[in-house]
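Engineer: Would you be able to build a 3D model of this:
(one chain, ligands or ions: 1)
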Amino acid sequence: MHELINRRSGRLTRRGLLALGGFAAGGAAWLSVSAGPTTAAAASKESQKLARYQPGPNGKLRCDNCLQWRPPSSCVLVEGDISPSGWCLLYAPKR
Ligand code: SF4
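Structural biologist: Numbering: from 1, shown residues only. Have a look, this model is predicted:
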């Protein structure tokens, strides 16, 4: 088995550093998952630019008749202030 700590110097070996880095990355991933769906959803919202959000409607398609819209001015998928009369590429009609 490879050593994580050099027996002579007591310092971390390169393999030890890699193992610690992997542990840290795994811990960060676990923390982001365990933070809860609200935080995870907020962190994964799309930017208005990428969603091609516009403050005006696309014909009859508007945020306030989209499944993702949350009154008074929010969206589950797109970050920032969202106008009820706006629209973006992620539009999904309410049933
Ligand atoms: S159209 Fe829907 S998905 Fe797009 S910004 Fe408006 S509420 Fe969000």
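
Engineer: contacts, neighbours, all on C-alpha from now
Structural biologist: OK.

Engineer: Mind jotting down where the strands sit in this structure?
Structural biologist: 69-70, 74-75 (DSSP state E).

Engineer: what's the most buried one of those strands?
Structural biologist: Mean neighbour count (mean count of other Cα atoms under 10 Å) peaks for strand 74-75 among those, with a mean of 20.

Engineer: In TSV, list the strands of the chain along with distance to the ligand and mean pLDDT.
Structural biologist: Output for the strands of the chain, formatted as TSV (distance: least, Cα to the nearest ligand atom, whole Å; pLDDT from 0 to 100):
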stretch	distance to the ligand	mean pLDDT
strand 69-70	4	98
strand 74-75	4	98
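
Engineer: Make CSV out of the ones you listed and add distance to residue 61.
Structural biologist: Output for the strands of the chain, formatted as CSV (distance: least, Cα to Cα, whole Å):
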stretch, distance to residue 61
strand 69-70, 12
strand 74-75, 15
